[in-house]
Structures are given as structure tokens and as C-alpha cells.
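> okay, here's the prediction I keep looking at, along with the sequence it came from:
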Amino acid sequence: MKIVIASDSYKESLTAAQACRAIKQGMSRVLPTAEYVLVPIADGGEGTMAAIASVSAGEYYPVNVTGPLGAELTASFFKTDQQTAVIEVASACGLELLSQDQRNPLITTSYGVGQLMLAALDAGCSKMIIGLGGSATNDGGAGMLSALGARFYDHNDQLFVPTGGSLGQITRLDTLSLDPRLAACDIVLACDVTAPLCGELGATYMFGPQKGASKQDLVLLEQGLTHYADLLVEQGGTNVKSVAGAGAAGGFGAALMALFGLKVHSGIDVVLDAITFGQLLQGASLVITGEGLVDGQTEHGKAPIGVAKRAKAQGISTLLLCGGLSEGYQAVYDHGIDAVFSATPKVLDLPTALRLAPENLANLAENVARLVQLKIT
């Protein structure tokens, strides 16, 4: 029998590839002769580049870029043989690059992502897939635009690179100097966030606190994003204040959406299309998917739901293996998931649960395989 294992990462414990291997390890104890197809997946956040690279011909391009607090770091993009660059915003300005006490969306910048985009254009890429998850910024992509040639001026008519806390200081924006190659490049924005740019459910108020913003900071950040959005409209752009997805990654995509008419796409659908997931499913008897925590939010565009929908379309059952279950997890049953299993065998503190994740996930997969074996014998 053919079993497709398509798992997302288990945050802070297992990458998507590690989760897939742990599931295979456990299932192989019971079903050693089965054909296993391992498909690490992601929904636009961390792991998006690795997921596409795992099944695509191409190579990684390391680039020295400006990190979220201005220090230089090395980030990479993956260039496929089809001249597509896969870029993760988090690789250049991600939360995971900063300690808890370093997180401050007033001063973090997306400039490094713009440098990655420039490097991709220099490498001859005609398409970019940009994963928007996990940013430490709230600058509306102003840093990225600066790296790509846009010019921001303050009240003294001096050039500067705005951050989240200084968006309100912009008095003039010149986009005529943006790299002209952008207009001919097919840019796909991928994420699982539907937040608008502004408002109570927008970039600042929804995600600012986890990026280190205080209540006072939130007011300043929101005012800055609102002012910035108005400036984009003055440049001939679309008003994206209330557009779904414009608030992803601290509003990173808002500038590209306003100036180039882009839309945010479901991250998991972008990934599954890129890896031709439908072909990988052909001939499969079962699909196993996974993520760290399954709750009422999982049904809203998370990776396991995207996998289950594709499998269901081909008449294949899907089982979801996770690190833990929380309130509202039963909603996934309405979206193609046939059964959900938690890998946590007993009450554990979080550090212990994270440390034991590979062992516990493999043991869970073995138990699931025993149920599968009952059905086929």
C-alpha cells in the first residue's frame, strides 16, 4: 500500500521533514513493506522554502542582508529550474532571529527581504513565491520597498528607511525609482493570515503584542500604518487598509498589493500547487498529515486542511497526527479530516513535551498503523 505522509512542522520541536520521518519510523514498525511518500509541507510560514525545495530541482542562493535590527546576516532563497525564487520573509526579519528582549516592532525592518528580492531578480528569476509568516516587523513593507529603490523623505526632506515606529514621519514617498524589473515579475504572496492592514483585527493589534509592542506602542504603530496606507494611495496605489491578508507579516505585502495589484493567496494551496501534490497522491491508499496543535483555528486555512481537501477530492482518507488538541478541534472533521490523534501520552510540561516530540510522534504513528493494519487484514 502507498501512504503519503504530508506534515507541517511542530513548532519549536520538529521541522516538517523531521515530523514526516518520525511518522514513517513509527508506521514502519507495523507496516514495513508499505510504500511511503514523505512530503514536508508549510502554509506560507517557516518551512515553505524547504517544502518546495524538497521536491523541486534547483539550488539555494545565500545572500548577505540586513537583519531585523540592522545587523548583517546571511539569508537564502531557493531558485527552481523554472526560474522561480522561493523567499521566506522570516529568513531576513523573522521573530525567531530575535530573543524575547530584542523584539520591538517600532525599530525592526523588512529591508533584508527587499535585498533577497533584488538578489532573485539579479539571478534571473521571473517569478517569486514569498512566504509571509513569522515576521518581527510592523513596517508595512517600507523597508523592503526602500531596498527595492523606493525613496522615503521626512519633514526635513531627508531620505530615511522607515520602521514601524517612524512610518508617521514620512512626508513624501517616491516610487518612480523602484526596480523596473518588479513590474514584469510574477509575485505570489503566500500566507494563512486574513487580517487586514488596519483596525482592531489588523496587523498591529492582532500581532503587535507577540512582536514586543506595548499598549502605547500599538497606538503609534497603528497611526503609522494608517498614514503609510494613505501615502500609497497618493502614489496611485489601491487602498488596502481593509483588504484581507494585507496585515500579514506586519503589513509586508500591503505595499506590493497597493502598488502592483497583488493578492494574498492561501499559503498551503501555493505550496501544494508548487510541489504538484495531486500527482504525489496518485495511487495512495492513505494520507497522514500533521501539525503541532490542532484547535478551532486549524480549519481556517491551516496546512492539514489543505492536504485533506486535496486527498478527499481523490477519494483518499486523511488522518491528522498532532502534538496536542485544544478547544474546537472537532471542526476539522467538516473539512476532510477523518480522525485526529494526539501524540502526548500523558500530562507533560511544555519543555518536556517538546523534547520528547520525536519519540512520542513515532509511537503514535505506530499505534495508528496498527489500526490501519486491522482494516487491511
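Good, I have the coordinates. It should be emphasised that the depicted structure is a prediction, and the values quoted were computed from it without experimental measurement.
> now do the buried residues in the least confident helix or strand in the chain by mean pLDDT.
The weakest-scoring helix or strand in the chain, judged by mean pLDDT, DSSP states H and E, is helix 350-355 (a mean of 84). Within helix 350-355, the residues scored as buried using 16 or more other C-beta atoms under 10 Å are 353, 354. Bear in mind the C-beta positions are built from the backbone N, C-alpha and C, glycine included.
> and the contacts of it?
12, 13, 323, 324, 344, 360 (C-beta atoms under 8 Å, 6 or more residues apart in numbering).
> please apply the same query to stretch 273-284.
By C-beta under 8 Å, 6+ apart, the list of residues contacting stretch 273-284 reads 2-4, 6, 37, 39, 41, 51-52, 54-56, 84, 86, 129, 272, 287, 307, 310-311, 314, 316.
> repeat that for 7 Å
Outside stretch 273-284, the residues within contact range by C-beta atoms under 7 Å, 6 or more residues apart in numbering are 2-4, 37, 39, 51-52, 55, 129, 310-311, 314, 316.
> any of those residues buried? List them.
Here, 16+ other C-beta under 10 Å leaves 2, 3, 4, 37, 39, 51, 52, 55, 129, 310, 311, 316 buried among these.
> residue 365 touches residue 23, doesn't it?
Yes - with contact defined as C-beta atoms under 7 Å, residue 365 counts as touching residue 23 (4.4 Å).
> so what's in contact with these two at the same time?
residue 321.
> picking up where we left off before, give me the distance from the least confident helix or strand of the chain to the chain's centre.
In terms of C-alpha atoms, centre = their mean, to the nearest Å, the centre of helix 350-355 is found 23 Å from the chain centre.
> immediately after that helix, which helix or strand?
helix 357-376 (DSSP states H and E).
> for the residue nearest to residue 103 when sequence neighbours are not counted, list the residues it contacts.
Excluding its sequence neighbours, the residue lying closest to residue 103 (C-beta to C-beta, 6 or more residues apart in numbering) is residue 212, at 3.2 Å. Going by C-beta under 7 Å, 6+ apart, residue 212 touches 103, 104, 105.
> if we use 8 Å, what do you get?
Here residue 212 is in contact with 100, 102, 103, 104, 105, 136 (C-beta under 8 Å, 6+ apart).
> quick one: which of the residues you listed sit in strands?
Among those, the subset assigned to strands under DSSP state E is empty.
> near the nearest residue to residue 106 once chain neighbours are set aside, how many other residues are there?
In this structure, residue 106 finds its nearest non-sequential neighbour in residue 165, 3.2 Å apart by C-beta to C-beta, 6+ apart. Residue 165 has 19 neighbours, counted by other C-beta atoms under 10 Å.
> state whether residue 165 is indeed within a helix.
Yes - counting by DSSP: H, G, I helix; E, B strand; the rest coil, residue 165 is found in a helix.
> let's see the pLDDT reported for it.
Residue 165 carries a pLDDT value of 97.
> one more: residue 377?
57.
> same check, this time on residue 316
pLDDT, residue 316: 96.
> residues in contact with it?
Applying C-beta under 8 Å, 6+ apart, the residues contacting residue 316 are 4, 281, 284, 285, 286, 287.
> just the ones in helices from the residues you listed, please.
residue 281 (DSSP state H).
> now do the contacts for the residue positioned nearest the centre of the chain.
With distances taken as C-alpha atoms, centre = their mean, residue 45 lies nearest the centre of the chain, 1.6 Å away. Going by C-beta under 8 Å, 6+ apart, residue 45 touches 88, 90, 131, 132, 133, 134, 191, 192, 267.
> which one of these is nearest residue 72?
Nearest to residue 72 among the contacts of residue 45 is residue 90, at 17.0 Å by C-beta to C-beta.
> now do the helix or strand the closest one falls within: which elements does it pack against?
Counting by DSSP H and E, the element that carries residue 90 is helix 89-93. Applying 3 or more C-beta pairs under 8 Å, 6 or more residues apart in numbering; DSSP states H and E, we find helix 89-93 packed against strand 72-80, helix 111-122, strand 127-131.
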